[in-house]
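Student: coords please:
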Amino acid sequence: MRAVHKLLTVDSEKCNGCGVCELACSAEKERVFNPAKSRIRMAKIEPTIDTAVVCRFCEDAPCIAACPRDALTKSEKNGVILVDEKKCTGCSWCIEACDFGAISLHPEKGVVICDLCEGEPACVKACVRDALKLTTSDVISGKHRISAVKSLFKE
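Tutor: The predicted structure is shown next:
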């Protein structure tokens, strides 16, 4: 039986792309307010609409498979993708392999990926619109099932 791990979700209906999550992340991880050093990033989906993007901690993470230096591993404890800074050369193969655009190249360290701040994500606490949630894939699939059933009744 697979372990159920926590992950971050972004409600794009609530997220207004303000970037406070990026600042909270960089402050927590780097002790500076610098979005370039954040593990969560804004993505432009339309000319005037941005939304947060964060690692999905894929079961068979393509970023791990793509790394030629074996710098990425998946934590058995909490399912996050770990980066060994000593092995990472910043080649960006993992960035190209990520289907979600959730991996960033830190200006000094190489690759950075969300590690959920050891279960208390600074970005979630800072989000004033309540657009970020720490949840599980089971909760997400339950919500999708409910939504699917409701739409069937509408038909």
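Student: out of all of them, which helix in the chain is the longest?
Tutor: Ranked by residue count and defined by DSSP state H, the top helix of the chain is helix 137-154.
Student: measure Ala102 to Arg39 for me?
Tutor: 9 Å (CB to CB, to the nearest Å). For glycine as for every other residue, the C-beta is placed from the backbone atoms N, C-alpha and C.
Student: quick one, helices of the protein?
Tutor: Here the chain has its helices, by DSSP H, at 20-30, 62-66, 93-97, 122-126, 137-154.
Student: Let's have the ones you listed in a markdown table, adding mean neighbour count and distance to Leu72.
Tutor: Putting the helices of the chain into a markdown table (neighbours: other CB atoms under 10 Å; distance: least, CB to CB, whole Å) gives the following:
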| stretch | mean neighbour count | distance to Leu72 |
| --- | --- | --- |
| helix 20-30 | 21 | 17 |
| helix 62-66 | 17 | 5 |
| helix 93-97 | 18 | 6 |
| helix 122-126 | 19 | 21 |
| helix 137-154 | 10 | 20 |
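Student: Contact partners for the residue positioned nearest the centre of the chain?
Tutor: The centre of the chain sits closest to Val54, judged by CA atoms, centre = their mean, with a distance of 2.0 Å. Contacts for Val54 (CB atoms under 8 Å, 6 or more residues apart in numbering) come out as 8, 10, 39-41, 102, 114, 123, 132.
Student: how about the strands of the protein, start to end?
Tutor: Counting by DSSP state E, the chain has strands at residues 6-10, 41-46, 49-53, 72-74, 81-83, 104-106, 110-112, 132-136.
Student: Among the ones you listed, which comes closest to Pro35?
Tutor: Closest approach to Pro35 among the strands of the chain (CB to CB): strand 41-46, 7.4 Å.
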